[in-house]
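*Asks:* Predicted model and sequence follow; I will ask about them next.
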Amino acid sequence: MKALVSIITPLYNSEAFITETINSVLNQTYKHWELVLIDDASTDGTYSIASDFVAKYANIFLLKNETNLGAGHSRNRGIQVAQGDFIAFLDADDLWKPEKLEKQVQFISTHNTDICFSSYELINEDSKALNIKVEALPSLSYNKLLKSNYIGNLTGMYNAKSLGKVYMPLLRKRQDWLLWLNALGRSGKPALSINESLAYYRIREASISANKWRLIKYNYWVFKKGLGYSIPASILKMIVFLCEHFFIKSKQNKEV
C-alpha cells in the first residue's frame, strides 16, 4: 500500500486564495493523501469555501477554532488528527506543483532521510511569477539550520513513522523553523533537498515592509523562548542569523 501523506493547512481570512490552494492539492499526481484544514476563526467566507470542498471530497477534513489562536495552534490541531506516514505543510495562500508529493515521497523512500524539502518560486497576490527561485541547500545539519531558516515550510515533509509526530512550538511567529529544528534534532540525520522547484510561495504586499523589522524580534524569540538560550547567547545567535541571512542566504535567490 502506498504511504499516506497528511497535509496540514491553517486558514484565516483566506477566501481570496484558498480555492486555488486546495486545487493545487487536488491536482497532485500522487493521490494517496489527506488534507486537514483548520479554520482559525475566520471572519470572511473562508469556512464556507472550505466546507464546500469537504462535502465533495472524502479525504479533505475541516476543523474550526472557536477563537483565533494563531497558525502554530492550528497546525498542531491538524498534526494531532493526522493519520499519514508523512506530514507536509501548505499555507492557505501558497501553491504546489502537481508532482510535489510524488517526488518527495519517492525521494524520502530512496535516500535514507527523515526530512525532505525543495526549492520554490515566488509569486505575487495575483499568482503571477516574480521570476525568483529560492534555491534549497543540498543538505542541512542541525547547526546549519540553527543559523537561519533554510527550509521553506511549504516544501517541507517529514517521516512521521520514523520520527513520530513533531509539533509546532507555540510561538506566534517562526514556529515552523522550530519544528524543523526539533525534527532534525530528533532524526540525527541531515535533511536532504530536491533542487527542483516544487512549490510557489505567495508574496503579499501588505506584509512585506512592516514585517521585516518585526521578524527580527520573532527570530530572537526562537533562540530565547523556543530554544531556551540565555539573553547574551540569544543576542549572539541573532548576530550570526543576521550575517547568515543577509550575506549568505541571499545567494539562494536567483532569477528563473
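*Replies:* Ah, there it is.
*Asks:* What pLDDT is listed against the residue nearest the centre of the chain?
*Replies:* Computing the C-alpha centroid of the chain and ranking residues by Cα atoms, centre = their mean puts residue 153 first, at 2.1 Å. pLDDT, residue 153: 96.
*Asks:* distance of it from residue 118?
*Replies:* 12 Å (Cβ to Cβ, to the nearest Å). Backbone N, C-alpha and C define where each C-beta goes, glycine included.
*Asks:* So residue 78 belongs to a helix, correct?
*Replies:* Yes: under DSSP: H, G, I helix; E, B strand; the rest coil, residue 78 falls within a helix.
*Asks:* For the stretch 151-256 of the chain, give me the ranges with low pLDDT.
*Replies:* For the stretch 151-256 of the chain, applying pLDDT under 70 flags the ranges 172, 206-214, 245-256.
*Asks:* How are the helices of it distributed by residue range?
*Replies:* Counting by DSSP state H, counting those that start in this stretch, the stretch 151-256 of the chain has helices at residues 160-163, 175-187, 208-221, 231-243.
*Asks:* about what we covered before: the residue nearest to the centre of the chain touches residue 89, doesn't it?
*Replies:* Yes: because the distance of 5.1 Å satisfies Cβ atoms under 8 Å, residue 153 is recorded as touching residue 89.
*Asks:* Just give the number of residues close to residue 148.
*Replies:* Neighbour count for residue 148, taken as other Cβ atoms under 10 Å: 19.
*Asks:* Local confidence estimate at it?
*Replies:* For residue 148, pLDDT reads 88.
*Asks:* So which elements touch the helix or strand encompassing residue 24?
*Replies:* Assigned by DSSP states H and E, residue 24 belongs to helix 18-26. Packed against helix 18-26 by the contact rule (3 or more Cβ pairs under 8 Å, 6 or more residues apart in numbering; DSSP states H and E) you find strand 5-11, strand 33-39, helix 46-56, strand 95-96.
*Asks:* got JSON lines for the ones you listed, with distance to residue 163, mean neighbour count and mean pLDDT too?
*Replies:* Output for these, formatted as JSON lines (distance: least, Cβ to Cβ, whole Å; neighbours: other Cβ atoms under 10 Å; pLDDT from 0 to 100):
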{"stretch": "strand 5-11", "distance to residue 163": "13", "mean neighbour count": "26", "mean pLDDT": "98"}
{"stretch": "strand 33-39", "distance to residue 163": "18", "mean neighbour count": "24", "mean pLDDT": "98"}
{"stretch": "helix 46-56", "distance to residue 163": "28", "mean neighbour count": "16", "mean pLDDT": "98"}
{"stretch": "strand 95-96", "distance to residue 163": "22", "mean neighbour count": "22", "mean pLDDT": "98"}
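*Asks:* Output those as a markdown table; include the columns distance to residue 190.
*Replies:* Listed next are these as a markdown table, based on distance: least, Cβ to Cβ, whole Å:
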| stretch | distance to residue 190 |
| --- | --- |
| strand 5-11 | 21 |
| strand 33-39 | 25 |
| helix 46-56 | 36 |
| strand 95-96 | 24 |
